[in-house]
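**Student:** this one's structure only:
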């Protein structure tokens, strides 16, 4: 049986879907609100049998997500994330993405190279598009090789705002301005 907890944030609601016992909860999915659809409605469509429930670990994670979206510098742990639902490739991409620090970006191609898949930018992009743990695994920190934003589950405006909150700046053409890309060869 899956459970959910919902938090209100400046970007709409966030729904954390989790399972397991109160002694060992694991996050199955994090749903963000999207333009025109709340996280609650997304959860009801994707997981129709959810029940509202929580425990201290999930409450702390939900509060951390809320604080992050309010601008606090939060580093999320993967200890409650259920990566076993992902393939080995997806896990490697998600772990590489998780390692990108706040205020730094990388590209889909650089992440592909890092996980050993030469020319795998599109495959990495597909993993990011289906990232079941947005914010905990900060897929918003990956951009296109031409320094444009690329996609994000909750829209480009949300992605840009998250990056701006982390100190990333943009030029007049909406390209990311940065001195360093994570995973770029030195």
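**Tutor:** That came through fine. Being a predicted model, the structure only gives us computed values, none of them experimental. Numbers count the residues shown, from 1 in each chain.
**Student:** assign residue 26 to helix, strand or coil.
**Tutor:** What DSSP: H, G, I helix; E, B strand; the rest coil gives for residue 26 is strand.
**Student:** residues in contact with it?
**Tutor:** Counting by Cβ atoms under 8 Å, 6 or more residues apart in numbering, residue 26 makes contact with 18-20, 80-82. Glycine gets a C-beta too; all of them are placed from N, C-alpha and C.
**Student:** what distance do you get for it to residue 46?
**Tutor:** Going from residue 26 to residue 46 by Cβ to Cβ, to the nearest Å gives 17 Å.
**Student:** ok, now residue 111?
**Tutor:** Where residue 46 is concerned, residue 111 sits at a distance of 26 Å (Cβ to Cβ).
**Student:** point out where this protein drops to low pLDDT.
**Tutor:** 1, 21-22 (pLDDT under 70).
**Student:** circling back to that earlier point, and residue 111 and residue 46? Which one has more around it.
**Tutor:** Using other Cβ atoms under 10 Å, the more surrounded residue of residue 111 and residue 46 is residue 111, with 27 against 13.
**Student:** residues making contact with the strand or helix carrying the more buried one?
**Tutor:** If you go by DSSP states H and E, residue 111 is part of helix 108-114. The contact list for helix 108-114, computed with Cβ under 8 Å, 6+ apart, reads 93, 96-97, 118-125, 128, 142, 144-145, 150, 181-184.
**Student:** element containing residue 93?
**Tutor:** Using DSSP H and E, residue 93 maps to helix 88-98.
**Student:** before we move on, the earlier item: out of the contacts of residue 26, which are buried?
**Tutor:** 18, 20, 80-82 (16 or more other Cβ atoms under 10 Å).
**Student:** so which of those comes closest to residue 101?
**Tutor:** Distance to residue 101 across these (Cβ to Cβ) is lowest for residue 81, with 17.9 Å.
**Student:** turn the contacts of residue 26 into JSON lines, columns for distance to residue 107 and secondary structure.
**Tutor:** Putting those into JSON lines (distance: Cβ to Cβ, whole Å; DSSP: H, G, I helix; E, B strand; the rest coil) gives the following:
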{"residue": "18", "distance to residue 107": "32", "secondary structure": "strand"}
{"residue": "19", "distance to residue 107": "34", "secondary structure": "strand"}
{"residue": "20", "distance to residue 107": "35", "secondary structure": "strand"}
{"residue": "80", "distance to residue 107": "28", "secondary structure": "coil"}
{"residue": "81", "distance to residue 107": "23", "secondary structure": "strand"}
{"residue": "82", "distance to residue 107": "27", "secondary structure": "coil"}
